[in-house]
Each structure stands twice: as structure tokens, then as C-alpha cells.
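S.K.: need a structure here:
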Amino acid sequence: MNEVYILGGYQTDFERNWSKEGKGIVALLKETVKGAFDSIDITREEIIKLNKKNKVALFIGNFAAEYYVSQGHLGPLMTEVDECFYGVPSARYEAACASGSVALDAAITKIKSDDYDLAIVIGWELMKTVDSKTGGDFLGRAAIYDIEAKGIDFPFPKLFGKLAEETIKKYHLDEERYKRNLAKISDINYKNGKRNKNAQTRKWFMNEEQANSRGIKTNDNVGSILSVSDCSQVTDGAACVVLCSKNYIVETSRNISKFPVVKGFGCRVAPFEFEKKIKESMDEKYILPWTRQAVLDAYNRAELTLDDIDFFETHDCFTSSEYMAISAFGITEPGKEYEAIESGIIDFDGTKPINPSGGLIGCGHPVGASGVRMFLDLYKQVTGQAGKYQIENAKNGMMLNIGGSATTNYCYIVGMK
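M.R.: Numbers count the residues shown, from 1 in each chain. Below is the predicted model:
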């Protein structure tokens, strides 16, 4: 199997509201493609030449464009972005909030199997086209809609509120201590977001004291014990990464030592309905054993352990999902996640920092883009290009991207050879 190298990529500014700018899908994608091509010195002519050899393809991650912007058939839409994509194989990949990761999976597989030398992966979502209640209903399609979302306002805060309740119950946690830990997670991600020039919340105010003040006007409850401070954001945005084979690097006379590789991946699917997840994991050590297995699969394929990982990007759609991820990564035993939070292990300057980018809470969560954005941040960190949120001496990074209520679980490990 061929090794898969990462040439680089681009992320839009997640603070922007594209509808208010009077811009739509094509404008979003044009900026993203141009930004990626400029950053890694690829030209339109090069794409045309590769396409004649049938050695380039496009992979598009998106969850719900049919709802948010009334557009499907998103692969061929790239021909509206640039004529250089005429004839280039292109398709849309969907797995709810893990749509970007499944697009990456397809691209990585195609390079490994020597079908293509260059793969352009774009994840995107435009979510600010509707009000928050309507958008919450759209997102409910990532659950079993008729059972878990239909007629329910903001179904996902409620589902991840249930995860919080079940975590407390399973591990006999003190509820107040658990809530303080969630507030600390929120505070870390907001602080990290302020370091990131593309983060949606970089100008927002949130601190640990406010995150601990639940049920007040500025931090209303949204589901069970979760409050606004525990939630990721409604976000417009896109991210792109460009992957390639060793053959491409040699043929274009690039310095191969500058580019990281995909070292490992894991993908596991849990029972769809949340209540079935809890029932099936009742006698298991981990509350979400499928998530843990995806992490283990990535470690095993990479032939690495926790000790080799310098930082993590995780799917903090809610603070309760990041809490769960701490033990899934192996940083603590399940039920002891509070040890990593209270001791500072997961802080920006901790020994196992989580979400130096700000994560979904701090950076933003354009659903179809999040997996690609996380992957791009792995690339930035291990190549020393993360700017103010750079982790010192980062050589290997791991990401966890989940779709639905941790139904689809994707992990990737990226690092220098």
C-alpha cells in the first residue's frame, strides 16, 4: 500500500456569515480551493494535466446542504467553481458531523490503492441560512429523526445532556464536580480559540466563572445539565486538505521530508439510537466502547501508543462529548476523566493538550467541514504552522470526529516520518 502524504490546505474564517455577505456555496468553495492551491503552490494547469492521466479526484464532505441551501449533487458542483475540474471524478460523502472524515477516508484509500496521485478533500456547511430552531431540526436528521428529533426543539443538546446524565450514573460521579469539569473544558476551548485567527469565538467573552453559572440569562440550560457554554457553535465555513502519493512528490520535485503522512485511522459505528447505545454498553468498561475501539484501531494501525501522541483534536460538539473522549484516548481510565481536567493535563500547556485550535466550541462547527478542519490542524501542528496555537515540538497528533450521538466514530493519526 502507498503512503499518503499531506501537502497542506486551507480553512475559511469561521467567524463569517456568508449569507450576510451576499455570498453562497460557489463563493465559499472558490475561496477555499484558491486558498488551498495558493498555500501549496498547485496550479489549475497541473490539475488539468493530472486529470488527463486520470490521477486526480475530488472528495466533498457535507451533511445537509439539501436543507440549509436547497442543493444536492454536490460533487459535480465543483465544475461551477473552476473549469479545471471538468471531467475530474468528484462525489459527496455524508456521515452527519463526521462527513469530512468519511470524505478523507475515501481519498486516503484511493491514494493507498494507487488509483490517484492527488486527492482534494473539501468539507463545508452553510448553516446561518436559517434560524436556530429550524437549524436544530435539520441537525436532528443525524439522529433517528422520528424517534429522537421530530417535534423536539434542539434535539442534540438533549441527547448529549443524556450522555452527561449517563456518565454521572455509570461512574458514580458527583454531579456538581462533573459540571465544574465541563465548565473547565469550555473555558479551555474558548481560551484556545482566542489564539486562532480563524476561530468563530476569538472575540467572544466566556470564562470559567460564567460557564459555571448555569441556568441564568447569559448561560441558559439547553438540555439536562448542559448550558449554552457547553455547546459548539452554529457556523458557516469550509476546510480543504490536499493529499498525495509519494510518486506525486517525486514527480513535482518537492522535498519529501517536509510533508507529514497519515499514520493510522480507525472507524467504528455504534447502535444508531442513543438509548440502544446505553443499553449495549451497560456492562462495558467504556460508556461508548465503539468510540474507544476506533481510537485503539488508529493506535494499532499506526503502531503507536498514547505516549507517542503530542496533542489531540476532538469532537467537542458538547463538553460532555469531550469529557468522554479523554478516556477514549487513553489519557485516563474511564470514570477518572476529572483527573486530567483538574490537573491541567489537557490544558494548552499540559502534557496532553486537547483542542489547541479551540475545537468545535472555540473554533466553530460547520458540520460537514469539522472533520477536514481537525485533520488540517493536525497537519499544521506537526509541520509547525499553527501560529499562536502551536504546540511545541508536536510530532504526532490524533483526532476524533463523531457523527450523530457518537454513532459514527472516526480517528486519524498524522505525523512526520
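S.K.: Can you report how many residues lie near Y338?
M.R.: 19 (other C-beta atoms under 10 Å). (Each C-beta comes from the backbone N, C-alpha and C, glycine too.)
S.K.: Touching, it and R177? I think so.
M.R.: Yes - with contact defined as C-beta atoms under 8 Å, Y338 reaches R177; the gap is 6.5 Å.
S.K.: hey, which helix or strand in this protein has the poorest pLDDT?
M.R.: Least confident element among the helices and strands of the chain, by mean pLDDT, DSSP states H and E: strand 221-223 (a mean of 85).
S.K.: Tell me the helices and strands packed up against that strand.
M.R.: Contact partners of strand 221-223 among helices and strands, from 3 or more C-beta pairs under 8 Å, 6 or more residues apart in numbering; DSSP states H and E: helix 155-171.
S.K.: Please work out which residues outside the helix it packs on touch it.
M.R.: 136-137, 139-140, 142-143, 148-149, 152, 173, 175, 178, 182, 222-226, 231, 274, 278, 287, 317-318, 320-321, 323-324, 334-335, 405-406 (C-beta atoms under 8 Å, 6 or more residues apart in numbering).
S.K.: Please pick the buried ones from those.
M.R.: Those of these that meet the buried threshold are 136-137, 139-140, 142-143, 148-149, 152, 173, 178, 182, 222-226, 231, 274, 278, 287, 317-318, 320-321, 323-324, 334-335, 405-406, by 16 or more other C-beta atoms under 10 Å.
S.K.: From the residues you listed, which land in strands?
M.R.: Counting by DSSP state E, the buried ones among the contacts of helix 155-171 place 222-223, 226 in strands.
S.K.: What are the contacting residues of stretch 266-274?
M.R.: With contacts defined as C-beta under 8 Å, 6+ apart, stretch 266-274 is touched by 101, 105, 143-144, 147-148, 159, 162-163, 277, 280, 288, 290-291, 293-299, 301, 404-411.
S.K.: quick one, helices of the stretch 51-200 of the chain?
M.R.: For the stretch 51-200 of the chain, the helices defined by DSSP state H, counting those that start in this stretch occupy 65-68, 99-112, 132-139, 155-171, 175-193.
S.K.: before we move on, the earlier item: which of the contacts of stretch 266-274 count as buried?
M.R.: By neighbour count, with 16+ other C-beta under 10 Å, those hold 101, 105, 143-144, 148, 159, 162-163, 277, 288, 290-291, 293-299, 301, 404-411 as buried.
S.K.: Using TSV, lay out the ones in strands among the buried ones among the contacts of helix 155-171 together with distance to G9.
M.R.: Formatted as TSV, these follow (distance: C-beta to C-beta, whole Å):
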residue	distance to G9
V222	32
G223	34
L226	32
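S.K.: tell me the SS of the closest residue in space to H315 that isn't next to it in sequence?
M.R.: Leaving aside its chain neighbours, H315 sits nearest to I402 (4.5 Å; criterion: C-beta to C-beta, 6 or more residues apart in numbering). Following DSSP: H, G, I helix; E, B strand; the rest coil, I402 is assigned to strand.
S.K.: just I391 next, same as before
M.R.: Secondary structure assignment for I391 (three-state DSSP): coil.
S.K.: Give me the neighbour count for it.
M.R.: Close neighbours of I391, defined as other C-beta under 10 Å, add up to 18.
S.K.: same check, this time on A394
M.R.: Other residues lying near A394 total 21 when counted by other C-beta under 10 Å.
S.K.: Who are the contact partners of it?
M.R.: Applying C-beta under 8 Å, 6+ apart to A394 gives the contacts 310-311, 381-382, 384, 386.
S.K.: how about the strands in the chain?
M.R.: Assigned strands in the chain, in chain order: 5-11, 56-61, 90-93, 118-125, 221-223, 226-227, 237-244, 261-269, 311-314, 396-403, 408-415 (criterion: DSSP E).
S.K.: how about a markdown table for these, with distance to I47 added?
M.R.: Shown next, in a markdown table, are these (distance: least, C-beta to C-beta, whole Å):
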| stretch | distance to I47 |
| --- | --- |
| strand 5-11 | 13 |
| strand 56-61 | 6 |
| strand 90-93 | 12 |
| strand 118-125 | 8 |
| strand 221-223 | 44 |
| strand 226-227 | 45 |
| strand 237-244 | 11 |
| strand 261-269 | 22 |
| strand 311-314 | 29 |
| strand 396-403 | 27 |
| strand 408-415 | 24 |
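S.K.: Least confident of those, on average?
M.R.: Mean pLDDT is lowest for strand 221-223 among the strands of the chain, at a mean of 85.
S.K.: what's the spacing between that strand and its chain's center?
M.R.: Remark: strand 221-223 is offset 23 Å from the chain centroid, using C-alpha atoms, centre = their mean, to the nearest Å.
S.K.: hmm, who's touching it?
M.R.: Strand 221-223 has contacts (C-beta under 8 Å, 6+ apart) with 154, 156-162, 214-215, 227-228, 230-231.
S.K.: mind running it again at 10 Å?
M.R.: Residues from elsewhere that reach strand 221-223 (C-beta atoms under 10 Å, 6 or more residues apart in numbering): 136, 152-165, 214-215, 227-231, 318, 320.
S.K.: and of the contacts of A394, the nearest to G35?
M.R.: Sorting those by distance to G35 puts A386 at the head of the list, at 16.3 Å, by C-beta to C-beta.
S.K.: Could you give the number of residues near the closest one?
M.R.: Neighbour number of A386 under other C-beta under 10 Å is 20.
S.K.: cool, A270 as well?
M.R.: By the measure other C-beta under 10 Å, the count of residues near A270 is 23.
S.K.: Quick check: phi and psi on it?
M.R.: Per-residue torsions, A270: phi -90, psi 170 (degrees, to the nearest 10).
S.K.: Next one: the nearest residue to it once chain neighbours are set aside from E333, what distance?
M.R.: Nearest non-adjacent residue to A270, counting by C-beta to C-beta, 6+ apart: W290, 3.9 Å away. W290 is 18 Å from E333, where distance means C-beta to C-beta, to the nearest Å.
S.K.: Having no further points to raise, I will conclude here.
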